[in-house]
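Chemist: Quick one, what's the 3D model for this:
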Amino acid sequence: MQPFVKQMIEKKLRNITKTELLSYAKQYQVNVTDTQAEKIVAFLHKTDLNPLEKSDRVVLLKKLAQITDLETAQQAQQLFNQITKQYGVDSWFNQ
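Modeler: I've put the predicted structure just below:
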């Protein structure tokens, strides 16, 4: 993966706001409450996990399931897979 793209993705996740997260959730029809969004954003802002590495994504999804529920975490995983495939970057994330 291009280092520039990697930095952009990491920066976006580390700086996402609750409003942005709720907007994306609504856009992609993933049920997330205000309280859950606050907890997710707080976690993303402080975590050192690398969402670009498969093993770290598994940990991130488990944490998402703890904050929300298993169904929401599964929806997020499916959405991630769809989007990366749609944009032709899925091979970047199969490490």
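
Chemist: mind checking the longest helix of the protein?
Modeler: Taking DSSP state H as the criterion, the chain has its longest helix at helix 70-86.

Chemist: who does that helix touch, helix- and strand-wise?
Modeler: helix 54-67 (3 or more CB pairs under 8 Å, 6 or more residues apart in numbering; DSSP states H and E). C-betas here are computed from N, CA, C, even on glycine.

Chemist: about what we covered before: how much does the longest helix of the chain deviate in direction from helix 54-67?
Modeler: Note on geometry: by axes from the mean of the first three to the mean of the last three CA atoms, to 10 degrees, helix 70-86 and helix 54-67 are set 140 degrees apart in direction.

Chemist: Name the spans of the chain whose pLDDT lies under the cut-off.
Modeler: Within the chain, the stretches with pLDDT under 70 are 1, 94-95.

Chemist: got the contact list for residue 49?
Modeler: Contacts for residue 49 (CB atoms under 8 Å, 6 or more residues apart in numbering) come out as 56, 59, 60.

Chemist: how far does the longest helix of the chain sit from the chain's center?
Modeler: 9 Å (CA atoms, centre = their mean, to the nearest Å).
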